[in-house]
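K.L.:
Turn this into a structure:
(chains A and B)
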Amino acid sequence: MKKTISRFYGMLGCVLMLTALAALCVSPALAQGQQPARPSTKGAVIKGKAPVSKDVLKVKLPKPYETKLANGLQVLILEDHKLPTFSMQMVILSGGLANSDEQVGTAQYTATMLREGTKTRDSKKISEQVDQLGASLTANSGLASLSSSVSASGLTDNFDPILELFADVLLNPSFPADDFNKLKQRNIATIRLQRAQAGFLAFERFNKVMYGNHPGGRAALSAEQINRITPDTLKAFHATYYKPNNAIFAIVGDVKPAEIVAKLEKTFGAWQRGDVPATTIPSVPDLGPAKITLIDRPGSVQTNLLVGAQTITRTDPDYFALEMMNQVIGGGASARLFLNLREDKGYTYGAYSSVSSFKYRGVFQANTEVRTDVTKGSMEELRNELKRIREEKVPAEEFERAQRTIVGGWALQLEFPQSVLQNAITSKIYNLPADYWDTYPQKIAAVTPDDVQRVAQKYLDLNKLQIVAVGDAKKIADVLKEFGPVEAFDVEGKPLRGPATAATGATNAGADIVGTWQLTADTPDGAMQLKAVIKMNGTELGGTLDTPLGLAQITNGAVNGNDVKFRIKGDFGGQTIVADLTGKLDGGTLKGQINADGLPTVSFTGKKEK
Amino acid sequence: MSITYRIRHRFGCALLLAALLTPNLPASAQSKAQSKTVSGKASSGLVKFQDLKLKNGLRILLVEDHSAPVISLALNYDVGSRNEKKGRTGFAHLFEHMMFQGSENVGKSEHFILIDTNGGQMNGTTNEERTLYFETLPANQLDLLLFLEADRMKGLDISKENLDNQRNAVQEERRLGLDNQPYGVFREKFGETMYDNFAYKHSVIGSMEDLNAASVEDVKEFFRIYYAPNNAVLALVGDFKPAEALAKIKKYFEVIPAQPAPAKVDATEPAQTAERRFTVEDPLAQLALLNIGYKGIIGNTPDAYALQMLGTVLGGGQSSRLYQKLVREKQMALSAFSGLNARRGPGAFQISANIAPGKKAEDVEAVIYEEIALLQKEPIADWELEKAKQFAKRSAIQSRQSSLGLAINLVEAVTAYNDPNLVNTRIDKLMAVTKEDVQRVAQKYLQASQRTVGLAIPKPRGAASAGAAR
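P.N.:
Numbers count the residues shown, from 1 in each chain, chains lettered A, B, ... in the order given. Got it, this is the predicted structure:
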């Protein structure tokens, strides 16, 4: 079986050679010169005959009424009288990020347990009253969230009793031990339902790969972590963080601000403020070199693929350029991934991308689920699309379409005032400028194709690209190895040593060549000591060759079974020498030859350093 | 605020999974979906609509609503998987995908691009009953909206290449929603076991084999028979002037010729005389899933409305009897739902429970039957009926928030029951249900001889993982 590690770089090998640093300096013009530009819209035919109004409707989004109670509770009220309903939220400005690794899950369970009992109501009573009012009442917090929230909604006629219930669970939770133990047992059992789903496995591993031990990598709790939490930890979390001066109350619907404020003062006026410890957020560690993480899910008939790169914090100036980049790559059915992988290739039902950003760095993510036997083609196309957005400026027409996609939909928000209110909450959490949402369309309109290319080159660093694949290892492990080093796990998250190799009995050659080699070359002038440092940069296998004459670059690595091939290029005394290295791997030893035009062939042998 | 876990089913052009997995969806989701109505009493007034028919038979419903500068269109074709023939299962849905592959004046995938780049949203979806296409756009794009739907109602640009491409996409949709999901194949088998009449016996997504067999000729013939204006209903809701909108609708649609009416489907189900039962080993599952179904209920009847209420009392929400008993009290199940899948043909009342580790499915089943016996023996409590009515009322009102929700409710009411005014009257029919009605339908429909019981159990380990590379 042929394994060409550098397959993506075939034609562009020389341009993209060397290392991560050089990759950032690639000249787009040169890259385009070697690879003909593709049509701007793959998988689609534009006839341009439909009657389109060129105007983008300018809409003014409503502004919520804002006030603050004496105890520090911030209040946002957005009137919307279309229907006799309302929906409200108490956002507590502390969440899973306030929990150390030892306490992980505390914020989440504190929220979940609010509904399970108060000083005057047990769990069943709360459920009955909520359902009888035709209301909904939920509370949650994420494992790595900045906030926790309690939400309720219902018919305006039932506002008073719903508010009373809402306040009761928020202010007077009892965290009953028996109910908590039952909930924990159910949740531990539910882990098994989750682990049966390929999508969950991909999501969980992706978070881990992208964030390592940073809280951002928390995806789901283990049984052990769940068992560690006690009613006392929940009580302590509630007592510390659920304070009016650490909260925002937000409501949208068929309500009048004056009436709401009066009711809030009555209901929450006695809620005592308190000192809330600030949440410190560690910075996200840099990603290691590009790799593929495989989760072996025997029997899978699809491969779930997630491709990730680190991005920015929410308030980074590159935010809008990244939004545009994402829209072009995978923002919907008219974006490149969908049109290429589905409409052109028929590999998948859907292919999309997204960008997240928080107070800590977020991620860019491309995702698709493809049938097993096109895993290779899908990997290639995902790769091609990321390369393309880095190397080619988005054509003007396509760029303008993407801008219109984001801005044109602004009018639709008027049907969903909840989203307007949510934006206001986001503004508070991230301290966004007052005119942030009003000027959002202008900020999108101000992004240029150059900006998108710049952020693509900056953030979609192919040398650090992380790929997570969930599928049947015996069918896809060898395919994945063609794209880089593969690390494998089973569905329980335990590392697997064998899956990538057991199927064929071949060694994991791409991984074996990576490392530091001490080589002895038999030159006409006698033995020469060489030190080769070989790395996997993205899917490019390359590195450096330290010679007595100076440092040379190793590029274009390819491994086929035990055969390896490299290009060596170096400036020696003002002369550029290009040579080909071919060799055979045998465990920790490497033997072969170096050939250069006009120079004698040199044999070498060597050993890998431990 | 972290990366959220989601499986996206956007732009499926596809069946919503709800449609695909009808017999098995958490039943509460179904009852929710099918109770989307509008109540004059409960909300700020009745929906006023114009109900018209073009010369070619296309039924038009118009609702003027200037609350947001937005327009929504829903277009239902009266064709779903119930119309499919043996050997061509999955075809109605595959055809739906072809509707995005281009027509005379719209290129392949140009529909996606035009809607997206003009700030809109769209999709298509297929279930047993119908194929629905819908779009929402800013109000200044009325011409675009009508043009796009009319152009593909006129005729499609069908090529073998595009058919093959979409066949692949649909097969991935099947894998994503069914073959690669725990309980996916089990759910398909449930419907096949419960029904005898082919109309509802087979899955909407269809078999891989049948999908492979579909030809360009099949597509052309299907289009001719079912995609005729006289077999469709269009609703337009939002910020427009009705006279102007109607003139445009006529301009774009009235040139499309009518076709002979398609043959009516006989979905009648022969009487069931004994319980049906099956067990499957699911290599992708880690816990057991129990499904129980009672078929034969016809939608939009007093019995169906009573069963909808019963579904809420038995298995809707955390205060429901099954949740309280099975999930909280006895800790035998991780979840428990019940609800009615109502439709014009014989629908089914379904109960579903994820069995907790170490617990026996038969014990869970016994508790479910005890609870059913109780419903048959005694009237439900006042608060339970009140709760069921509040549920219904609230979802009825909420379904009116968006212009699209209302447009879809209008066309669904016409395709299923030929009564657009159901958007106003359905809530009254639900409010009329009494405790006695609930008890009566429990006795009438939830009988042992009428049920189908399916159990999915995890395939013993080793068998599945032995093949994995150690």
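
K.L.:
domain ranges for the chain?
P.N.:
Reading this off chain A. Domain ranges of chain A: A:65-268, A:301-459, A:509-608, per automatic domain parsing.

K.L.:
Correction: the question concerned chain B.
P.N.:
With domains defined by automatic domain parsing, chain B comprises B:17-23+B:47-253, B:276-458.

K.L.:
Any idea how far the last one is from the middle of the chain?
P.N.:
To tie it back to what came earlier, the one meant is domain B:276-458. On the basis of C-alpha atoms, centre = their mean, to the nearest Å, domain B:276-458 sits 15 Å off its chain's mean C-alpha point.

K.L.:
That one and chain A in contact?
P.N.:
Yes: under the criterion of C-beta under 8 Å from any C-beta of the partner chain, domain B:276-458 makes contact with chain A via B:283-287, B:316-320, B:323-324, B:327-328, B:331, B:334, B:354, B:356-357, B:383, B:386-387, B:389-391, B:393-394, B:397-398, B:400-403. Using the backbone N, CA and C atoms, a C-beta is placed for each residue, glycine as well.

K.L.:
In helices only, show me those residues.
P.N.:
Judged by DSSP state H, the residues of domain B:276-458 next to chain A include B:383, B:386-387, B:389-391, B:393-394, B:397-398, B:403 as members of helices.

K.L.:
which one of the residues you listed is nearest residue B:170?
P.N.:
Distance to residue B:170, by C-beta to C-beta, is smallest for residue B:403 among these, at 29.4 Å.

K.L.:
So which residues on the stretch 1-150 of chain A come close to chain B?
P.N.:
So far as C-beta under 8 Å from any C-beta goes, the stretch 1-150 of chain A lies against chain B at A:41, A:43-47, A:49-53, A:55-57, A:59, A:82-85, A:95-96, A:123-124, A:127-128, A:130-135, A:142-147.

K.L.:
Out of the residues you listed, which end up buried?
P.N.:
By neighbour count, with 16 or more other C-beta atoms under 10 Å in any protein chain shown, the residues of the stretch 1-150 of chain A next to chain B hold A:41, A:43-46, A:50, A:52, A:56-57, A:59, A:82-85, A:95-96, A:123-124, A:127-128, A:130-135, A:142-147 as buried.

K.L.:
How about stretch A:153-172 and chain B, any contact?
P.N.:
Yes: using C-beta under 8 Å from any C-beta, stretch A:153-172 comes into contact with chain B via A:154-155.

K.L.:
So which bits of that stretch are buried?
P.N.:
For stretch A:153-172, by 16+ other C-beta under 10 Å, it's A:153-155, A:158-159, A:162-163, A:165-171.

K.L.:
farthest pair in those?
P.N.:
Greatest spatial distance among these (C-beta to C-beta): A:155 and A:171, at 23.5 Å.

K.L.:
Now, the residues of the stretch 1-150 of chain A next to chain B that are in helices?
P.N.:
Short answer: the residues of the stretch 1-150 of chain A next to chain B in helices (DSSP H) are A:123-124, A:127-128, A:130-132.

K.L.:
Need those in JSON lines (columns: distance to residue B:247 and pLDDT).
P.N.:
JSON lines is the format used below for those (distance: C-beta to C-beta, whole Å; pLDDT from 0 to 100):
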{"residue": "A:123", "distance to residue B:247": "59", "pLDDT": "95"}
{"residue": "A:124", "distance to residue B:247": "58", "pLDDT": "94"}
{"residue": "A:127", "distance to residue B:247": "53", "pLDDT": "95"}
{"residue": "A:128", "distance to residue B:247": "54", "pLDDT": "95"}
{"residue": "A:130", "distance to residue B:247": "49", "pLDDT": "96"}
{"residue": "A:131", "distance to residue B:247": "48", "pLDDT": "94"}
{"residue": "A:132", "distance to residue B:247": "49", "pLDDT": "93"}
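
K.L.:
Give me the mean pLDDT for the host helix or strand of residue A:191.
P.N.:
Using DSSP states H and E, residue A:191 maps to helix A:177-195. For helix A:177-195, mean pLDDT is 93.

K.L.:
other SSEs contacting that helix?
P.N.:
Contact here means 3 or more C-beta pairs under 8 Å, 6 or more residues apart in numbering or on different chains; DSSP states H and E; on that basis helix A:177-195 packs against helix A:106-114, helix A:223-228, helix A:231-241, strand B:333-341.

K.L.:
how about the very next helix or strand once past the longest one, does it get close to chain B?
P.N.:
Downstream of helix A:231-241, the first helix or strand assigned by DSSP H and E is strand A:247-253. No: when contact is scored as C-beta under 8 Å from any C-beta, no part of strand A:247-253 falls within range of chain B; the minimum is 10.2 Å.

K.L.:
how many neighbours does residue A:454 have?
P.N.:
15 (other C-beta atoms under 10 Å in any protein chain shown).

K.L.:
hang on, it packs against residue A:321?
P.N.:
Yes: with contacts defined as C-beta atoms under 8 Å, residue A:454 counts as touching residue A:321 at a distance of 7.1 Å.

K.L.:
Would you mind listing the residues in contact with residue B:314?
P.N.:
B:320-322, B:338, B:351, B:371-372, B:375 (C-beta atoms under 8 Å, 6 or more residues apart in numbering or on different chains).

K.L.:
which SS class is it?
P.N.:
Secondary structure, DSSP: H, G, I helix; E, B strand; the rest coil: residue B:314 is helix.

K.L.:
Just grab the bridge partners of the residue lying closest to it once chain neighbours are set aside for me.
P.N.:
Setting aside the residues directly before and after it, residue B:314 is nearest to residue B:338 in space (C-beta to C-beta, 6 or more residues apart in numbering or on different chains), at 4.5 Å. Going by DSSP bridges, residue B:338 is paired in beta bridges with residue B:351.

K.L.:
mind putting the helices and strands packed on helix A:177-195 in CSV, mean neighbour count, distance to residue B:441 and mean pLDDT included?
P.N.:
Below are the helices and strands packed on helix A:177-195 laid out as CSV (neighbours: other C-beta atoms under 10 Å in any protein chain shown; distance: least, C-beta to C-beta, whole Å; pLDDT from 0 to 100):
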stretch, mean neighbour count, distance to residue B:441, mean pLDDT
helix A:106-114, 26, 35, 98
helix A:223-228, 14, 41, 96
helix A:231-241, 18, 43, 98
strand B:333-341, 27, 10, 96
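
K.L.:
looking at those, which is closest to residue B:145?
P.N.:
Using C-beta to C-beta, the helices and strands packed on helix A:177-195 put strand B:333-341 closest to residue B:145, at 31.0 Å.

K.L.:
Kindly state the beta-bridge partners for the residue nearest the centre of chain A.
P.N.:
Centre of chain A computed as the mean C-alpha position; nearest residue by C-alpha atoms, centre = their mean is residue A:363, 3.9 Å away. Legend: beta-bridge partners of residue A:363 under DSSP bridges are residue A:310.

K.L.:
my read: it touches residue A:312, true?
P.N.:
No: if you go by C-beta under 8 Å, residue A:363 and residue A:312 don't touch, sitting 9.7 Å apart.

K.L.:
what bridges to residue A:564?
P.N.:
Beta-bridge pairing for residue A:564 (DSSP bridges): residue A:559, residue A:583.

K.L.:
Go ahead and confirm it touches residue A:589.
P.N.:
No: Residue A:564 is not in contact with residue A:589 according to C-beta under 8 Å; the separation is 12.0 Å.

K.L.:
Just want to know which of those two has more residues nearby.
P.N.:
Legend: neighbour count by other C-beta under 10 Å for residue A:564 and residue A:589, higher for residue A:564 (23 against 13).

K.L.:
Just the buried ones from the ones in helices among the residues of domain B:276-458 next to chain A?
P.N.:
For those, a burial check counting by 16+ other C-beta under 10 Å picks out B:387, B:389-391, B:393-394, B:397-398, B:403.

K.L.:
would JSON lines of those with pLDDT and distance to residue A:385 be doable?
P.N.:
Shown next, in JSON lines, are those (pLDDT from 0 to 100; distance: C-beta to C-beta, whole Å):
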{"residue": "B:387", "pLDDT": "94", "distance to residue A:385": "50"}
{"residue": "B:389", "pLDDT": "95", "distance to residue A:385": "52"}
{"residue": "B:390", "pLDDT": "93", "distance to residue A:385": "49"}
{"residue": "B:391", "pLDDT": "90", "distance to residue A:385": "45"}
{"residue": "B:393", "pLDDT": "91", "distance to residue A:385": "48"}
{"residue": "B:394", "pLDDT": "89", "distance to residue A:385": "44"}
{"residue": "B:397", "pLDDT": "88", "distance to residue A:385": "44"}
{"residue": "B:398", "pLDDT": "85", "distance to residue A:385": "39"}
{"residue": "B:403", "pLDDT": "96", "distance to residue A:385": "35"}
